[in-house]
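In: No sequence on hand, only this structure:
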Ligand SMILES: [Zn+2]
């Protein structure tokens, strides 16, 4: 059985009964209804689970104040 999680409403969707699917960032997402598919299609970043992805730590590098050499 191939079950997928509909990222919009968070329910399990079987691949064969899915209303549609969409590929985002190399991952295929399945949807239980066309409505979910459209929602996802419009704002995929709102629904994809980013927790599993590598987060780029964009902390600014602290530059040491350049001391004037005497
Ligand atoms: Zn759905």
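Out: The structure has been received and is ready for your questions. Quantities reported herein were computed from a predicted structural model and do not represent experimental measurements.

In: Please make it C-alpha for all contacts and neighbour counts, starting now.
Out: Fine.

In: Tally up the residues packed near residue 27, please.
Out: Residue 27: 9 surrounding residues under other C-alpha atoms under 10 Å.

In: That one: what's it in contact with?
Out: Residue 27 sits next to no residue when contact means C-alpha atoms under 8 Å, 6 or more residues apart in numbering.

In: now do residue 33
Out: By C-alpha under 8 Å, 6+ apart, the contact list for residue 33 reads 18-20.

In: who touches the longest helix along the chain?
Out: Determined from DSSP state H, the single longest helix within the chain is helix 34-42. Under the contact criterion C-alpha under 8 Å, 6+ apart, helix 34-42 has outside partners 6-9, 19-22, 30-31, 46-47.

In: Close to the ion: what parts of this structure are there?
Out: 9, 32, 36 (C-alpha under 5 Å from the ion).

In: List only buried entries from those residues.
Out: 32, 36 (16 or more other C-alpha atoms under 10 Å).

In: would you list the residues of the chain next to the ion in CSV and tack on pLDDT?
Out: Converted to CSV, those look like this (pLDDT from 0 to 100):
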residue, pLDDT
9, 94
32, 94
36, 96
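
In: what's the distance between the residue sitting nearest the centre point of the chain and the ion?
Out: With distances taken as C-alpha atoms, centre = their mean, residue 48 lies nearest the centre of the chain, 2.5 Å away. For residue 48, the distance to the ion (C-alpha to the ion, to the nearest Å) stands at 13 Å.

In: so that residue touches residue 6, yeah?
Out: No - Residue 48 lies out of contact with residue 6 (C-alpha atoms under 8 Å); the separation is 10.0 Å.

In: For the chain, give me the ranges with low pLDDT.
Out: Within the chain, the segments meeting pLDDT under 70 span 49-61.

In: all strands in this structure, in order from the N-terminus.
Out: 3-5, 12-14, 20-24, 27-31 (DSSP state E).
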